[in-house]
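A.B. asks: predicted model and sequence follow; I will ask about them next.
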Amino acid sequence: MKIDVKIRKQNTLKPLIVKPFRFIISAILLLAAAAGVSAQGTITGRVTGGPEGRPLPDAAVILDGTRGVTTGSDGRFIIDRVSAGTHTLEARILGYTTRNVTVDVRDGATGTVSFRLEEEFIDAGAVIVTANRGASRIADVPARVTLISSAAVESRPVTTVDEMLSTVPGLNVSRSFGIFSHKSSVTMRGLSGNEQARVLVMIDGVPVNKSDGGSVNWNLIDPAMVDRIEVVKGPASSMYGSNAMGGAINVITRRPSGELSGKITAGYGTYNTFTGRISLGQNMNPGSDRGFYYLLNGFYRQSDGYITQSEFDQAANPYVVASDMLEYSASLKTGYNIRKGEFIEADFIAYNDRRGTGELVWQQHGNTTDHDTYQFRTRYSVERERLSADVSLFWLQEDYKKVNEYLKDDYTWYNVLSERLDAGLLSSVTWKAGSRHRLSAGTDLKAGSVDAADVYYTSTDIVYNRGRMLSAGLYIQDAFSIIHDRLTLTAGLRYDLSMFRDGAFYIDTPSAETVFMRNIENREMDNVTWGALSPRLALNYTPSEGTRIYLSAGRGFRPSVLDDLCRSGRIKGGFKLANADASPEYLANIEAGGDFTLSGKLRASLSAWYSRGRDFLYYVNTGDSIDMGYGLRPILVRTNIPLVEITGAEAELNWPVSPAVFLGAAYGYSYSVISDYRPLDAGDPIDLTGNHLTDVPTSTVSLTARWNNRFVNVGLVARYQGVMWVNDQNIFDEVVGSDRYPAYATVDIRLSRVFAEKVSVDLGVQNLPDTKFYDSKGAVCPGRFITLELGYRF
Amino acid sequence: MAKRIQCFALLIIIALAGCVKDNPGTTPLILLKSGGAFTADGSAVAPGGALRFGLSVSGGGGAITNLVVKRISDGVAVIEADKGMYISYGGLDTTLIYTRGYGQTERWVFSVMNSYRDTASVSLTVLKGAGSAWGEISHHQSIRIGLQENTSLPHFVDLHAGIAYDATGVTGHESEVDMAAFWYLTSGTSSPTLTCPAYSSALTYYPLFGSWSAKNQTMYDYYTSDNNLVTPAQFDLATNDSLLVNAYRPGSVSGQSKFAYTGKVVPFRTADGKYGLLRVIRADETPEGEMEIAVKIQK
């Protein structure tokens, strides 16, 4: 443990007393007395932390446990009118070890104290906002919750936000190509890794799963914007409704609180990758409970990329090129602190990217994907002693463009143009009723739409699909303290109404390219309305500090996404029919878990669960086939299959060996199987009963290590991902060359150092052993990826 | 500090203004060539007679991306060609050769589209001439070829001559090869498949194509896969190229590969414009198997 205690000489100083070992801080500042001045002094100082030793804004600095201030954006604080004598000064902030210093203040003197806080793994006392849509201690949440603190965010060798989640047990991060992936997904608890729609993802409490496909543009979130990430595993539909069937992830962005400051970062890496980043933030009235604040961020990254295709494919296709990428974003967060615990805030994010998919025939950039994304959010939040409320209004628009060109029979070029819009109003209220009840309630109104077209340029066709999904939800929950601070019963219920409207799928001026779809056109799909109840009942027992046990049962639900309701088209393995008649799917979950202190600071977390998915949405063979010009292919439809069962367990060990050294290990196991399958067509010989869900690793293991020292701060992550089934039938796949994706292991490392508290140097190496792994199309990952970043803080 | 803020604001504005708007194009232009070498508007041609159309196309500011040839015979429209392309400079200058059908009047419509989806069309009418001009055909009663992993039979077929070459014997005859066959399993569906050297995916099964300088493109009719539009009996009765020409329905997807089970009759058109019918006498459904075909093709 390292504590910096600096004393600026004013008058006479007494010797400083520091106990560097045993991780207990004490220091004594002796401030000279000035004759004739009242018996009061002043303490100023700065709080820094993390591997960079960056200033920590919003850290609480508390004098004698009774009087405190918070640090500004530069980490500085000042406490005046301190009575002469010996005092205890404490600095604390979430994600860092708390420090205590003993200070001897003399009359009329000013002393300086610098706190250097070390990262701390998140303990059960940390506060999160996602599980109950209001502030709750992790120890009080009867569910498996993981909090990735800002300190952990800083130390991780990642280039995207979703990669930060790859070491969380039970989570399945699918990002085959690192920064070159044009889409990625994060699922959990044994649900298929390519189905983002079953896990709710939020930025600052606002959902970012699109109604069209349930997908999330993880590239939208610049890691530098992230303050912390909260993960609630298992059904969270009783709070959030659909999409939260498998769990919820909330990415919480930074909020400025101090004086004007910023940081500029420039980086260079493998495949000629350039990164630039700038941020600027200010609280216009630091130290006050009132005033404006703003935070500006700009981000830019481009890379020449690499060839993802195999050597054989390169030989067979003369149009193979490197999959390059370009992305940039800008964001502004601004708000006004009305009074302590009450603020109004607005933020806007603009993001654009273009990622090549590895083939170029005639178009300027070849086959590419492009996401123009704009997110706007306003929020009002108030927190009083017994009552707190939160209201958010959001608007998320994604203009998606995919350029497809290839030269086979002849030249084919068409663009997929899709406007995806989601907007909504979210509200929640929490009321602490008496000493035993904590009541929560709220309503959510959301509207999503897609308006898409496949526009052909080498033929006359335009294939349209569109639809709207409107939803309204009402929830209520009571956390009843049966035994004060020991045993809590939480009961919650939510009702959701989802309405599919204005669905259409049709073709204008069809040619031979799309003629096979003529008989499935539907310009006026039936409007459909579904209702669903999502209950939850949970017990949380805390027999002693550092130990708790929970038992939870709940049910989540999810209606089909718009893409399944109103778009027909080619998919992997066949042709997909739109189906507006599919019922919502339900996932009932029972779970038990606990947190235990094994020895000293070594803590273990264990969870086990069993889930039953009813009316599970799945691609099912209709028994028909279609020739899209290259042979008969099965016609599939997204419909309900009777039963899927998932069994799983997670174990996590966290050991803060010292404030400078942290070790962690996590293991996740899941067994996901189709227990009952009913073919749509009696003549369909395929029976999926007993088959495993695709894209679910049976086992995942991660090892995490952080070591901060005066030379270089080291972050190390080793991951193992077990085998995953490739296709629904669990049969041999010609491209992969097996029925299962092979297991793989990889190691990421990050080395960083800060010079003169201004200049930072970061070296990140992802996939250190250069492990090659492949996706379902036989494309290979980038392998070892090295980045070097230089930063300047001002 | 004010300068820093200004610079930062400027960067944000630049980032947000980074969108590029496509320039609108102008309408493409398509002209029919005249002269003795080409069929003229209002001319009379006997059924089976050759029609030659000369086209001169400019993209009008955008690349030429699509050419559609439509035959309207006594009011019934058939798409004879629907071809994707990307010609950004110099325009398109081409001659198209077709065969006069049975209709009393045939109206031919030629349409082009550019990269802004602007279109232009031109048309002419060909009257029915007296008599018949259907041409002679060659009939190859049995050609046996091996699928990709068959090591005993040849693989590469000259449909005009009815000759199959093996990997050694094909040297010097690459430009005469119109067809090969392979078998594959996709999504559980067994697919014995006809292909041609120009089909890029055929390289997977016949890497030898990669070294050929001349790779012929043979187009197979789509509809024969799902509908037996031409029966084996009709195939046997064909004595001139009438059925060969009329069976080929290019209005549907026609490609350089087509799966063909035993008993199918597949219309095709070779790279040099010859129409033909290919009857699959036998198609094994293993990569080591063989395919036996009968072929009738325009002389």
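C.D. replies: Great, that's in hand. Numbering: from 1, shown residues only, chains lettered A, B, ... in the order given.
A.B. asks: which residue is the nearest non-sequential neighbour of whichever residue of chain B sits closest to chain A?
C.D. replies: Closest approach between chain B and chain A, counting by C-beta to the nearest C-beta: residue B:84, at 2.7 Å. C-beta coordinates here come from the backbone N, C-alpha and C atoms, glycine included. In this structure, residue B:84 finds its nearest non-sequential neighbour in residue A:458, 2.7 Å apart by C-beta to C-beta, 6 or more residues apart in numbering or on different chains.
A.B. asks: mind giving me the domain split of chain B?
C.D. replies: Using automatic domain parsing, the domain ranges for chain B come out as B:29-128, B:137-298.
A.B. asks: try chain A
C.D. replies: Annotated domains of chain A cover A:21-117, A:253-321+A:344-793 [automatic domain parsing].
A.B. asks: now the ones you listed as JSON lines including distance to residue B:72 and mean neighbour count?
C.D. replies: As requested, the domains of chain A are exported to JSON lines (distance: least, C-beta to C-beta, whole Å; neighbours: other C-beta atoms under 10 Å in any protein chain shown):
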{"stretch": "domain A:21-117", "distance to residue B:72": "74", "mean neighbour count": "19"}
{"stretch": "domain A:253-321+A:344-793", "distance to residue B:72": "16", "mean neighbour count": "18"}
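A.B. asks: adding mean neighbour count, distance to residue A:506 and mean pLDDT, write the domains of chain B out as JSON lines.
C.D. replies: Conversion of these to JSON lines gives the following (neighbours: other C-beta atoms under 10 Å in any protein chain shown; distance: least, C-beta to C-beta, whole Å; pLDDT from 0 to 100):
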{"stretch": "domain B:29-128", "mean neighbour count": "17", "distance to residue A:506": "18", "mean pLDDT": "93"}
{"stretch": "domain B:137-298", "mean neighbour count": "19", "distance to residue A:506": "19", "mean pLDDT": "87"}
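A.B. asks: residue A:338 is nearest to which of those domains?
C.D. replies: Between residue A:338 and the domains of chain B, the shortest separation by C-beta to C-beta is 52.6 Å, and it involves domain B:29-128.
A.B. asks: can you give me the end-to-end span of that closest one?
C.D. replies: 29 Å (C-alpha to C-alpha, to the nearest Å).
A.B. asks: which is the next helix or strand following the strand ranked longest in chain B?
C.D. replies: Longest strand of chain B, by residue count under DSSP state E: strand B:76-87. Next along the chain after strand B:76-87, taking DSSP states H and E as the criterion, comes strand B:92-99.
A.B. asks: orientation of that next one relative to strand B:76-87 in degrees?
C.D. replies: 150 degrees (axes from the mean of the first three to the mean of the last three C-alpha atoms, to 10 degrees).
A.B. asks: ok, residues contacting strand B:92-99?
C.D. replies: With contact meaning C-beta atoms under 8 Å, 6 or more residues apart in numbering or on different chains, strand B:92-99 is reached by B:33, B:38, B:48-58, B:64, B:67, B:69, B:71, B:80-81, B:85, B:108, B:112, B:241, B:245, B:273, B:275.
A.B. asks: quick one: the helices in the chain?
C.D. replies: You didn't say which chain, so I picked chain A. Ranges of helices in chain A, per DSSP state H, are A:150-155, A:237-240, A:311-316, A:562-566.
A.B. asks: hmm, I had chain B in mind actually
C.D. replies: Along chain B, the segments classed as helices by DSSP H run B:2-16, B:232-237, B:242-247.
A.B. asks: residues of stretch A:245-252 that come out buried?
C.D. replies: Using 16 or more other C-beta atoms under 10 Å in any protein chain shown as the test for burial, stretch A:245-252 gives A:245-252.
A.B. asks: what about it, average pLDDT?
C.D. replies: Per-residue pLDDT over stretch A:245-252 has a mean of 94.
A.B. asks: tell me how far it lies from the chain's centre.
C.D. replies: Between the centre of stretch A:245-252 and the centre of its chain there are 7 Å (C-alpha atoms, centre = their mean, to the nearest Å).
A.B. asks: ok, now stretch A:131-147?
C.D. replies: Centre-to-centre, stretch A:131-147 and its host chain are 16 Å apart (C-alpha atoms, centre = their mean).
A.B. asks: how long is that stretch end to end?
C.D. replies: Stretch A:131-147: ends 11 Å apart by C-alpha to C-alpha.
A.B. asks: straight-line length of stretch A:305-323, end to end?
C.D. replies: One end of stretch A:305-323 to the other measures 5 Å (C-alpha to C-alpha).
A.B. asks: err, stretch A:732-745, not the other one
C.D. replies: 23 Å.
A.B. asks: any chance you could list what contacts it?
C.D. replies: Here stretch A:732-745 makes contact (C-beta under 8 Å, 6+ apart) with A:697, A:718-727, A:730-731, A:769, A:771, A:773-774, A:776-778, B:184-186.
A.B. asks: hmm, back to that, out of the helices of chain A, which gets nearest to chain B?
C.D. replies: Proximity to chain B (C-beta to the nearest C-beta) singles out helix A:311-316 among these, at 4.1 Å.
A.B. asks: and the closest one, does that touch chain B?
C.D. replies: Yes - for a cut-off given as C-beta under 8 Å from any C-beta of the partner chain, helix A:311-316 has contacts with chain B, namely A:312, A:315-316.
A.B. asks: swap in stretch A:271-283?
C.D. replies: Yes - Stretch A:271-283 reaches chain B (C-beta under 8 Å from any C-beta) through A:278, A:280.
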